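Undergrad: Make a model of this:
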Amino acid sequence: MEDRIALRIDEITKEFPGVRALDKVSFEINAGTVHALIGENGAGKSTLIKILAGIYMPDGGRILIDGEEKHFKSPGEAQAAGISVVHQEIKLAEPLTVAENIFLGRLLYTRLGLVDWKGMYRASREMIEGLGMDIPVDTPVERLTVAKKQIVEICKAIHRKSRILIMDEPSATLTEKELKVLFHIVRKLRKEGYTIIYISHRLDEIFDLADDITVLRDGRHIRTTPIGDITREELISLMVGREMGNEFPKEFYPVGEPILEVSHLSTKGFLKDISFQVKKGEVLGISGLVGAGRTELARAILGIDRVESGEILYKGEKGNWKNFRKSINAGLGLVPEDRKLQGLVQIFSVKENICMVAADKVIEKGIIRDKKKEEYGRAYINMLNVATPGTETEVQYLSGGNQQKVVIAKWLMQDSELLFLDEPTRGIDVGAKVEIYKLINKLVKEGKTIIMISSEMPELLGMCDRILVMHEGRLMGELSREEASQERIMEMCV
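TA: This is a model prediction of the structure:
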């Protein structure tokens, strides 16, 4: 029925130099529903969100809210029309309190014209309690978990009287427990009549939460359908435009002798007496809830964080490195959890990022040779099928999956023999994930060794030869590929 349409996107088009990001995209979103918006990186989701949020103006087409055509020239105009975005990267004033953030820019005043602090704190408590949560409203936001910061963002949207909430990858960095809280809030908001546009690369949660789903591909609208009318396999095929085959294309190769042996490793205040070994040519998974110590273990082994006690042997020789550069020179590498902040320099070009670690390969007689950078950049772009206009393109303009390929490329150029992959597929689409998995197979075939840290248990189960399980800085046990299951892992890590 017409009166149930909260948002109509009609023939929306947007072009950037050399790229048509959206090509006459049209679909409708019913009021009081959770509508999933999915597609590969580069499909046009982010561009469409920015148009709805008033950040970009479309080159053509219309936006209708409750049947009324809207033209947004700023985020403020979009918010005034009832649209708010809960961004993947939280945008709050960290030093301010919860209540101050909720009312930022829209303060309450007493009859005397003074700021009504009591009223704002009371209203903030009521909003948070209304979501079934308990967060002290006088707490500075910088002290909150990511999940609680998201709740503050949602309360800001409620205070603005937004009826359409866009949630952009809200689950990307949440623990299982926090994810349940998020789902509870989304369902509660839907029950209260809010319309939720939910963007995620995690298909399981989309099938769990969404009422309807829209697929974009290459800037075009592919299909909008009730979630019950489509299977996971059909959805993946629509996203990538082809049959994907096996979602986890694991290949098996013989493993060699231990390449890394960790004995009784401890760090001050966190890692406790950890011992394990990794064999050459193996894909070893490390599982555990967020905060279990997985990343800290990698950082300690690599010499980024200080080791208090214990021994590291690499290729049979002592490897208690004092800094990261020494472990890099020994043959180890790290694709970090946060590629944007820790893995790349966003304003540098693709080729500059690729050549960053192995800079000595592009230096001749003490001078950096741009021709060499160009050669290496092109070689790895072709090898990894990086979708980029060229080697000079700033890496910030690439999709998440292609940025991840650039991070991996710099370690391939360094010829790292043992590579830590920390959340290697976080925030990238299913097609790019399969490309990363195939790259892992290729590296193992060439004799490399992979340690994969991941919060996504299906990819650990699908791609690893063994899985170590951690909890609160301790190693809880080891599972062979045959023994491992989501249930067994969860039993060990709680």
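Undergrad: Now Ile196: closest residue in space, sequence neighbours ignored.
TA: In space, and not counting its chain neighbours, Ile196 is closest to Val34: 4.5 Å by Cβ to Cβ, 6 or more residues apart in numbering. No exception for glycine: its C-beta is placed from N, CA and C like everyone else's.
Undergrad: mind showing which ranges of the stretch 201-350 of the chain have poor pLDDT?
TA: 242-245 (pLDDT under 70).
Undergrad: how about the helices in it?
TA: Secondary structure of the stretch 201-350 of the chain (DSSP state H, counting those that start in this stretch): helices at 203-209, 232-240, 294-301, 324-330, 350-354.
Undergrad: Please identify the deepest-packed of these.
TA: Across those, averaging neighbours per residue (mean count of other Cβ atoms under 10 Å) puts helix 350-354 on top, at a mean of 26.
Undergrad: helices and strands around whichever helix or strand comes after that helix, which ones?
TA: With elements assigned by DSSP states H and E, the helix or strand that comes after helix 350-354 is strand 363-364. For strand 363-364, not one helix or strand is in contact under the criterion 3 or more Cβ pairs under 8 Å, 6 or more residues apart in numbering; DSSP states H and E.
Undergrad: Offset the numbering so it begins at 637, please.
TA: OK, 637 is where the count begins now, so the last one is strand 999-1000.
Undergrad: List the neighbours of strand 999-1000 that are in contact with it.
TA: 1005, 1008 (Cβ atoms under 8 Å, 6 or more residues apart in numbering).
Undergrad: List the strands paired with whichever helix or strand comes after it, with their directions.
TA: Next in sequence after strand 999-1000, counting helices and strands by DSSP H and E, comes strand 1003-1004. Its sheet considered, strand 1003-1004 pairs with strand 999-1000 (antiparallel) by DSSP bridges.
Undergrad: Gly969 - nearest residue in space that isn't next to it in sequence?
TA: If the residues on either side of it in the chain are set aside, Gly969 comes closest to Ser1052, at 3.3 Å by Cβ to Cβ, 6+ apart.
Undergrad: I figured that neighbour was touching Gly1083, is that so?
TA: No: using Cβ atoms under 8 Å, Ser1052 is not in contact with Gly1083, being 11.7 Å away.
Undergrad: Looking at these two, which is more packed in?
TA: Ranked by neighbour count (other Cβ atoms under 10 Å), Ser1052 and Gly1083 place Ser1052 first, with 24 against 12.
Undergrad: State the phi and psi torsions of that one.
TA: Ser1052 adopts backbone torsions of phi -70, psi 130, taken as degrees, to the nearest 10.
Undergrad: got a list of what it touches?
TA: Contacts of Ser1052 (Cβ under 8 Å, 6+ apart): 964, 967-969, 1084.
Undergrad: Give the closest residue to Arg698 in space, chain neighbours not counted.
TA: Spatial nearest neighbour of Arg698, excluding adjacent residues (Cβ to Cβ, 6+ apart): Asp646 at 4.4 Å.
Undergrad: show me the residues around that neighbour that make contact.
TA: Asp646 neighbours (Cβ under 8 Å, 6+ apart): 662, 697-700.
Undergrad: again, but for Met1019
TA: Going by Cβ under 8 Å, 6+ apart, Met1019 touches 1045, 1048.
Undergrad: and the residue nearest in space to the middle of the chain, what pLDDT?
TA: Closest to where the C-alpha atoms of the chain average out (Cα atoms, centre = their mean) is Gly1063, at 3.0 Å. Predicted confidence (pLDDT) for Gly1063: 73.
Undergrad: mind checking the SS state of it?
TA: Under DSSP: H, G, I helix; E, B strand; the rest coil, the three-state class of Gly1063 is coil.
Undergrad: next one: Gly1098
TA: With three-state DSSP as the basis, Gly1098 sits in helix.
Undergrad: Check the burial of it by counting its neighbours.
TA: Gly1098 has 16 neighbours, counted by other Cβ under 10 Å.
Undergrad: dump the residue contacts of it.
TA: 883-884, 886, 1073.
Undergrad: Which pair in these has the greatest spatial separation?
TA: Within those, Glu883 and Lys886 form the most distant pair, 10.3 Å apart (Cβ to Cβ).
Undergrad: Need the contact partners of stretch 863-872.
TA: By Cβ under 8 Å, 6+ apart, stretch 863-872 touches 672, 674, 839, 842-843, 846-849, 851, 859, 874, 880, 883, 1066.
Undergrad: Could you rerun that using 7 Å?
TA: Residues outside stretch 863-872 that contact it (Cβ atoms under 7 Å, 6 or more residues apart in numbering) are 839, 843, 846-849, 851, 880, 1066.
Undergrad: And the pLDDT at Met1126?
TA: So, for Met1126, pLDDT stands at 80.
Undergrad: same thing with Glu828?
TA: With respect to pLDDT, Glu828 has a value of 89.
Undergrad: Name the nearest residue to Arg1014, sequence neighbours excluded.
TA: Leaving aside its chain neighbours, Arg1014 sits nearest to Thr1027 (6.0 Å; criterion: Cβ to Cβ, 6+ apart).
Undergrad: The one you found contacts Glu1010, correct?
TA: Yes: at 5.8 Å, Thr1027 counts as touching Glu1010 under the criterion of Cβ atoms under 7 Å.
Undergrad: Neighbour count for these two, which is higher?
TA: In this view Thr1027 and Glu1010 are compared by other Cβ under 10 Å, and Thr1027 has more residues nearby, 19 against 16.
Undergrad: For that one, give me the pLDDT.
TA: 90.
Undergrad: who touches it in this structure?
TA: 985-987, 1010, 1013-1014, 1017.
Undergrad: Glu1053 and Leu874: what is the separation?
TA: Noted for Glu1053: a distance of 39 Å to Leu874, by Cβ to Cβ, to the nearest Å.
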